[in-house]
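>>> No sequence on hand, only this structure:
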């Protein structure tokens, strides 16, 4: 009973609760050459060079509120280790709008084939120079904001282009992102 009274008092006082949305797993890389890695301007759907592999992960977030919503992003490695973002890890989703961002690359829509509009402001997954490209281009994400769980909804889409030559195969899928607490 005591917990119910405290919870009721908090709700009546207007205390905001933190909410989250999770991307359980993402992959976002494009290997153009064994020695040189190209991460941007893959086009939609992504294209790869003959004999190469391109994987583009796109996270879409929609703000259901009529005012801008400030969010914080956290990245985690495949073993669950939190990855520290240098600088600010926050971004703003404009009111009543959807943004798309690539978690592993800067890909502004001002360039040919770029995928990020306002999503360009979302910080990328931190890279570790001691790891290879595959280990630096995947993981999980948690996006947090102050408000109701229904304030933000999301979608993750992944496209894989295998062998961009005449035998090119494009695979794609999308999933609705589960709301957190």
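All right, it came through fine. The structure displayed is predicted, hence computed values, not measured ones.

>>> Neighbours of residue 124, how many?
Residue 124 has 19 neighbours, counted by other C-beta atoms under 10 Å. Every C-beta, even on glycine, is put in place using the N, C-alpha and C of the backbone.

>>> do you know how far it is from residue 79?
Look at residue 124 and residue 79: by C-beta to C-beta, to the nearest Å, they are 19 Å apart.

>>> Repeat that for residue 62.
With C-beta to C-beta as the criterion, residue 62 and residue 79 are 30 Å apart.

>>> between these two, which one's more packed in?
The residue with more neighbours, out of residue 62 and residue 79, is residue 62; 15 against 6, by other C-beta under 10 Å.

>>> Tell me which helix or strand the more buried one sits in.
Element membership of residue 62 [criterion: DSSP states H and E] is strand 53-63.

>>> Flag every buried residue along that strand.
Neighbour counts over strand 53-63 (16 or more other C-beta atoms under 10 Å) mark 53-61, 63 as buried.

>>> ok, and the closest non-adjacent residue to residue 140?
residue 76 (4.7 Å; C-beta to C-beta, 6 or more residues apart in numbering).

>>> Where do the strands of this protein begin and end?
Here the chain has its strands, by DSSP state E, at 18-27, 29-31, 53-63, 69-76, 82-83, 90-93, 98-101, 138-146, 152-162, 169-176.

>>> Distance of the nearest residue to residue 57 once chain neighbours are set aside relative to residue 140?
Nearest non-adjacent residue to residue 57, counting by C-beta to C-beta, 6+ apart: residue 28, 3.7 Å away. Distance, residue 28 to residue 140, using C-beta to C-beta: 12 Å.

>>> Equivalent analysis for residue 160, please.
Relative to residue 140, residue 160 is positioned 19 Å away (C-beta to C-beta).
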